[in-house]
Each structure stands twice: as C-alpha cells, then as structure tokens.
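Visitor: Sharing a model that was predicted from the sequence below.
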Amino acid sequence: MKKKTRIGLNIGTSSILLVFVLLCMVTFAALSFVSANADYKLSLSLSSRTTAYYNASNTAQAQLDSLHRALSDIDSRSQDSKDYCTEAARVLASPDILGQSAQAPQNYSYAPGANQTDCGTLTWQLPFTDTQALEVRLKLLNPYEDAGLFEVTGWQVVTTAEWTDDAPLNLFDGS
C-alpha cells in the first residue's frame, strides 16, 4: 500500500511564523515610537528657538524705532549735513540711543564716517540663545543728501560661541 504523504504546514510552522510576524510588528512599533518621540523633542526645541528669534527681532525693531525718533529729532534741530553728522556721532557713541528694552544690545559699535558728511555705520547684537545672536547693521544716511535716516545693511543670525575642536577623528592609518 501506498503511504499518503501530507504536504502543507503543520501547526508548529504556523506558530513560528506568527511569532516572527509579531516580533516584527513589535520592533516596528518600538522604532516608530522612538522616532515620533525624537521628532516631538526636535519640534519643541525648534519652537523655542524660533520664539526666541522673533522676540529678539521684535526688540531690534523697537530699537530701530527709538533710533529713528532720535535721529529725526537731531535732523529737525540741525542746520546742515555737517552739523547733523556731528550731533549724530555724539549721540550714537552710547547704546542708550536704542532705548530701554528688556534685552540690552551687546557688541554695540559705532564707526564714524570717513568725512564730515558721511554719518558712519552702527552695529549691535541681540543674543537669543546661548550660542546665537541677531546682528543688526545700519548705514547711517545724511538726510541732507539721501532719502531717509538709515539703511539696514545687515539683519542676520550670527554664532557667538567659540568653536573648539575637541573630538579627535579616528582615521585609517593604513596599518
């Protein structure tokens, strides 16, 4: 007599397959959770940094307003371009011209112009993280020769921390 050969999956094979599929699903679920948690922490960090940047930007806008009011006052009192630039240089020597705000400017610098009708440049920074600051650069215009009181020539994020190379590279040396 012929012996019947049974072809197909036994109960043990299907159980092993089920366990394997469950392990794969648990692994993918864990990876998805870890990835979602990392994305959440990154979004919180970016949200905090973006809020800090816009707070610094709003402060810089308020400081520009104070500067504009002060320069308009100097313009209304001055007789000519030489008088305007001389008085502006005297007032711009101190960062107090930017007004009293919650965030004081750092690295404030005023560079007078090359001649008596060139009013110079003004630069300051507003830090918004431990390592970054908003840098504002202005070219002060002479209202007797130009339209306006100043021109914004720079509005950018700069790094304020010193970079140090403290991580050695393990390079292949051929041996």
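Guide: Cool, the structure landed.
Visitor: Phi first, then psi, for the residue nearest to the spatial centre of the chain.
Guide: Closest to where the C-alpha atoms of the chain average out (Cα atoms, centre = their mean) is residue 157, at 4.7 Å. With angles defined as degrees, to the nearest 10, residue 157 sits at phi -90, psi 130.
Visitor: got any ranges where the chain has weak pLDDT?
Guide: The chain contains residues with pLDDT under 70 at 1-10, 100-103, 116-117, 175.
Visitor: so where do the helices sit in this structure?
Guide: 11-77, 81-92 (DSSP state H).
Visitor: rewinding a little: for the residue nearest to the centre of the chain, which non-adjacent residue is closest in space?
Guide: Distance criterion Cβ to Cβ, 6 or more residues apart in numbering; nearest residue to residue 157, sequence neighbours excluded, is residue 132 at 5.5 Å. Glycine gets a C-beta too; all of them are placed from N, C-alpha and C.
Visitor: Thought residue 158 was touching that neighbour, still the case?
Guide: Yes - under the criterion of Cβ atoms under 8 Å, residue 132 makes contact with residue 158 at 7.0 Å.
Visitor: Which of the two has more residues huddled nearby?
Guide: Between residue 132 and residue 158, counting by other Cβ atoms under 10 Å, residue 132 is the more crowded of the two (18 against 13).
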